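> Just to be clear, the model below is a prediction. Sequence and coordinates:
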Amino acid sequence: MDIHPQREGESDMNKRRRRLPRLLLLALLICAFLCPVGCKPRQSDGGENLVRVYVAHNEKQYTAAVKEFQERTGIAVEIVSAGTGDCLQRIASEADNPQCDVMWGGTVESLEAYVAYFQPYVCAEDAFIADAFKDPNDLWIGESQQPAVIMYNRNLVANSDIPVVWEDLLDPKWKGQIASADPASSGSAYTLLCNIILAVSQQPDKSDGWAFVTALLDNVVISGGSSTVYQGVANGEFALGLTLEQLACPYVLDNPEGVGMLYPADGSSNVPDGVALVKGCPHEENAKRFIDFLLSADCQRFMSEEFDRRSVRSDIPQPESLPDLNSIYFIDYDYEWAGVGKEAVLLQWQAVLEQSGK
């Protein structure tokens, strides 16, 4: 199954799935007749009919959703695209004069670390989203499910050498052949770091998990942003990459003979990426409409069918191209340790990284 934003010969999601009801059309005609010449649509949020979104997502995917939202609502969307950490740090730095309305993207333990900069919002689609995908205080909402994977290049990794468990990555043959982004700036890399530690640790203080990470760094190249991981594996720069299913999926489905991905038998994680309403945002009502749209059945179905994203909604089936979630072993992910304790985790990461000389 190929991944592409729009198949040839098909119209947009809006054109394919919706028809303007006759009664609504009649109402619009009446309003047009009654409205004086030159009158303008009502604009909310201080007269600016826009919403400003900081996004940490694949460009093709967020562009398709944004285009559809703008066509449906007439609300302009201003995008600032960056890594999860960079987006969140920018929101924090602007707290006295918020510029962003919506934070979209980044796994939710990264959002959890910045909840002081978000405000509660119960979206219009709340009934279709399980509690596991929502903050207890409604400060963030999961937007898609994100299993962690090891991506591999089939031209560089023999079938007999494909890793099965995390410990397989410690083999010296992988030295300089494993790509990872920096957990300090990449939300996906931070999830992978926490996933590995939680999967291998037996000690309450997770010291054995950190020892494992120290050993793993002998084989890992910190490659830059998250895109350099999956792109680097796909083009043969690296044999293996630590990433998320959603990021690896397009390459795996487009080129299954050249690229693969696996879910470690000793435990993957399924931390959703999320969306949050920024505290004191300048375009609050438009921001809420944008969040409602992202979590609507139409948008979630579109993103699942076009980009093989796993929906968080109970009424949207999982993509047929991906393994059944029940076939994957998931660890019990410690959101408090990884989210509330993110600052401490990153301090420990920095110490380990400096010790490794990378």
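Sure, I can see it.
> For the rest of this, base every contact and every neighbour count on C-alpha atoms.
Will do.
> Which parts of this protein are strands?
For the chain, the strands defined by DSSP state E occupy 50-56, 76-81, 102-107, 118-119, 141-145, 148-153, 178-180, 220-222, 240-244, 259-262, 273-278, 310-311.
> Now render the ones you listed as JSON lines, adding distance to residue 210 and mean neighbour count.
Formatted as JSON lines, those follow (distance: least, Cα to Cα, whole Å; neighbours: other Cα atoms under 10 Å):
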{"stretch": "strand 50-56", "distance to residue 210": "27", "mean neighbour count": "24"}
{"stretch": "strand 76-81", "distance to residue 210": "31", "mean neighbour count": "16"}
{"stretch": "strand 102-107", "distance to residue 210": "21", "mean neighbour count": "27"}
{"stretch": "strand 118-119", "distance to residue 210": "31", "mean neighbour count": "20"}
{"stretch": "strand 141-145", "distance to residue 210": "26", "mean neighbour count": "27"}
{"stretch": "strand 148-153", "distance to residue 210": "19", "mean neighbour count": "28"}
{"stretch": "strand 178-180", "distance to residue 210": "16", "mean neighbour count": "27"}
{"stretch": "strand 220-222", "distance to residue 210": "15", "mean neighbour count": "21"}
{"stretch": "strand 240-244", "distance to residue 210": "17", "mean neighbour count": "28"}
{"stretch": "strand 259-262", "distance to residue 210": "23", "mean neighbour count": "23"}
{"stretch": "strand 273-278", "distance to residue 210": "25", "mean neighbour count": "27"}
{"stretch": "strand 310-311", "distance to residue 210": "31", "mean neighbour count": "26"}
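> and of the ones you listed, who's closest to residue 340?
Residue 340 lies closest to strand 102-107 among the strands of the chain, at 13.4 Å (Cα to Cα).
> now residue 101: how far from residue 74?
17 Å (Cα to Cα, to the nearest Å).
> Between these two, which has more neighbouring residues?
A count of neighbours by other Cα atoms under 10 Å puts residue 101 above the other of residue 101 and residue 74, at 28 against 12.
> Against residue 121, how distant is the nearest residue to residue 322 once chain neighbours are set aside?
Computed as Cα to Cα, 6 or more residues apart in numbering, the closest residue to residue 322 that is not its neighbour in sequence is residue 308, at 7.7 Å. Separation of residue 308 from residue 121 (Cα to Cα): 27 Å.
> Which of these two has more residues huddled nearby?
Shown here are residue 308 and residue 121; by other Cα under 10 Å, residue 308 has more neighbours (23 against 17).
> contacting residues for the more buried one?
The contact partners of residue 308, by Cα atoms under 8 Å, 6 or more residues apart in numbering, come to 3, 246, 249, 319, 321, 322.
> got a list of what residue 259 touches?
Contacts for residue 259 (Cα under 8 Å, 6+ apart) come out as 151, 152, 153, 154, 233, 234, 251, 252.
> Dump the residues you listed into TSV; add pLDDT and distance to residue 193 as well.
Formatted as TSV, the contacts of residue 259 follow (pLDDT from 0 to 100; distance: Cα to Cα, whole Å):
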residue	pLDDT	distance to residue 193
151	98	15
152	98	18
153	98	21
154	98	24
233	98	18
234	98	21
251	96	22
252	96	22
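> Let's have those residues in JSON lines, adding distance to residue 189.
Shown next, in JSON lines, are the contacts of residue 259 (distance: Cα to Cα, whole Å):
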{"residue": "151", "distance to residue 189": "13"}
{"residue": "152", "distance to residue 189": "16"}
{"residue": "153", "distance to residue 189": "19"}
{"residue": "154", "distance to residue 189": "22"}
{"residue": "233", "distance to residue 189": "15"}
{"residue": "234", "distance to residue 189": "18"}
{"residue": "251", "distance to residue 189": "18"}
{"residue": "252", "distance to residue 189": "19"}
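> Tell me which two of those sit farthest apart.
Pairwise distances across the contacts of residue 259 peak at 12.1 Å for 154 and 251 (criterion: Cα to Cα).
> what about the helices in the protein?
13-17, 22-34, 59-73, 84-93, 108-112, 187-200, 207-216, 226-234, 245-254, 284-294, 297-307, 335, 342-356 (DSSP state H).
> Residue 82: which of the contacts of residue 308 is nearest?
Of all the contacts of residue 308, residue 246 has the smallest distance to residue 82: 17.2 Å, by Cα to Cα.
> From the structure, what's the count of residues near the closest one?
Counted with other Cα under 10 Å, the neighbours of residue 246 add up to 19.
> cool, residue 324 as well?
Using other Cα under 10 Å, residue 324 has 10 other residues around it.
> For the residue nearest to it when sequence neighbours are not counted, what are phi and psi?
Distances taken as Cα to Cα, 6+ apart put residue 318 closest to residue 324, at 7.8 Å, once the chain neighbours are dropped. Backbone torsions of residue 318, given as degrees, to the nearest 10, read phi -70, psi 150.
> Share the number of residues neighbouring residue 318, please.
Neighbour number of residue 318 under other Cα under 10 Å is 21.
> thinking again about what came up before, need the strands of the chain in JSON lines with distance to residue 167, can you?
Below are the strands of the chain laid out as JSON lines (distance: least, Cα to Cα, whole Å):
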{"stretch": "strand 50-56", "distance to residue 167": "30"}
{"stretch": "strand 76-81", "distance to residue 167": "34"}
{"stretch": "strand 102-107", "distance to residue 167": "24"}
{"stretch": "strand 118-119", "distance to residue 167": "38"}
{"stretch": "strand 141-145", "distance to residue 167": "25"}
{"stretch": "strand 148-153", "distance to residue 167": "12"}
{"stretch": "strand 178-180", "distance to residue 167": "13"}
{"stretch": "strand 220-222", "distance to residue 167": "13"}
{"stretch": "strand 240-244", "distance to residue 167": "13"}
{"stretch": "strand 259-262", "distance to residue 167": "14"}
{"stretch": "strand 273-278", "distance to residue 167": "26"}
{"stretch": "strand 310-311", "distance to residue 167": "28"}
